[in-house]
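# would you be able to build a 3D model of this:
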Amino acid sequence: MEVTVISEGIEGSLHPVTAQLLGATSPLGGDITVLCPGGVGAADAASISGVSKVISVEGECFMSYDCSAWSKSLAPLAKGDLVVASASSVGRELAASIAAIRGIPVLQDVTGLEEGFAVTRPIYSGKAIEQITITPPCSITLRANSFDAAGSGGNAEVSTVNQSADVTVAVKQALTKAGEKLDVAEADIIISGGRGMGDPANFSKLYEVADILGAAVGASRAAVDTWEEIPHSMQVGQTGKTVTPNLYIAIGISGAIQHLAGMRTSKYIVAINKDAEAPIFGVADYGIVATWEDALPVLKKELAALLSN
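Got it, this is the predicted structure:
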């Protein structure tokens, strides 16, 4: 069996989710090839246990992200029975586009993968779990933080392939700008704000806490719909992004059903809301009934003190 894993990069380095993809696919057996777009993290990928080969895929098109250009460059190298990517915004696009080029099916947002190609994934906004067996060849994306990361100790061969494809300038610029901040779909810690923040300018206070924690900043649909300054790329929920961080902090978010569908599988949920009857408290592990103006400065101070020790 042959598996191709498309690595994920962040700020010029290999994203930790890549090790999770390898931890999920290694038990399947067979040869695993890791494709590193733009050569990002190729040496680190080669040191992960279970990797057979690493291909550093280089070319001008990888200077910034464009789905069409990247998928056309990666597809000829994404061979074998299974093509695997992260269920991030970039990974989902690439997995689907490569599947279309190869003429194979794609399955998104997988949370369980076992021998015999038995997969598990949430459906109906997380209200049900689907368990099916897929028939290779197939392209799949795996949800971050759903699989244990593969360990180190690998010593795979690294080769370089030069590829290139046209890049749409407008898309390149837009996605480069969007990529300057951590994607909520990939983050271990997320702090999200809702319409209860009162003004989009107040999201700067969330970023201050996020910087302390190394977290991504998200938003509810209500916030995105109300303020044009809050982009859809930040939206968590049924019509936004489904996330599974280790810690999710919801501030000024009431907890509409569509929002809960996108974050209820978080390992730990902390909610801050002035309404003690807000539905968000029904799924929260820890709840604080207070305004964000009262609670956030205290949270920031305590976190800074805790993490400085």
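
# would you map the helices across the stretch 1-150 of the chain?
17-25, 42-46, 67-74, 89-102 (DSSP state H, counting those that start in this stretch).

# export the third one to CSV, keeping only CA atoms.
Think helix 67-74. What follows is helix 67-74, C-alpha atoms only, in CSV (Å, rounded to 0.1, in the frame of the first residue of the first chain):
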residue,chain,number,x,y,z
CYS,A,67,-5.2,26.2,-4.5
SER,A,68,-5.2,25.8,-8.3
ALA,A,69,-1.5,26.3,-8.7
TRP,A,70,-0.6,24.1,-5.7
SER,A,71,-2.9,21.2,-6.6
LYS,A,72,-1.7,21.2,-10.2
SER,A,73,1.9,21.0,-8.9
LEU,A,74,1.3,18.4,-6.2
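
# pLDDT on it, on average?
The average pLDDT within helix 67-74 is 90.

# buried stuff in that helix?
Neighbour counts over helix 67-74 (16 or more other C-beta atoms under 10 Å) mark C67, A69, W70, S71, K72, S73, L74 as buried. Where C-beta positions appear, they are placed from N, C-alpha and C, glycine not excepted.

# tell me the one of these nearest A42?
For the buried residues of helix 67-74, the closest approach to A42 (C-beta to C-beta) belongs to L74, at 14.0 Å.

# all helices for the stretch 151-300 of the chain, in order.
Going by DSSP H, counting those that start in this stretch, the stretch 151-300 of the chain shows helices at 169-178, 203-213, 221-226, 257-263, 292-308.

# okay if I get those helices as JSON lines plus mean neighbour count?
Listed next are the helices of the stretch 151-300 of the chain as JSON lines, based on neighbours: other C-beta atoms under 10 Å:
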{"stretch": "helix 169-178", "mean neighbour count": "13"}
{"stretch": "helix 203-213", "mean neighbour count": "17"}
{"stretch": "helix 221-226", "mean neighbour count": "20"}
{"stretch": "helix 257-263", "mean neighbour count": "22"}
{"stretch": "helix 292-308", "mean neighbour count": "14"}
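
# now distance to S88 too, for the ones you listed, in a markdown table please.
Formatted as a markdown table, these follow (distance: least, C-beta to C-beta, whole Å):
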| stretch | distance to S88 |
| --- | --- |
| helix 169-178 | 12 |
| helix 203-213 | 18 |
| helix 221-226 | 19 |
| helix 257-263 | 14 |
| helix 292-308 | 26 |
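
# just put these in TSV and tack on distance to S49 and mean pLDDT.
Converted to TSV, the helices of the stretch 151-300 of the chain look like this (distance: least, C-beta to C-beta, whole Å; pLDDT from 0 to 100):
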stretch	distance to S49	mean pLDDT
helix 169-178	32	41
helix 203-213	29	93
helix 221-226	40	94
helix 257-263	31	93
helix 292-308	30	89
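
# do you know which of the ones you listed lies nearest T141?
helix 257-263 (15.9 Å).

# list the helices and strands that closest one packs on?
Contacting helix 257-263 under the criterion 3 or more C-beta pairs under 8 Å, 6 or more residues apart in numbering; DSSP states H and E is no other helix or strand.
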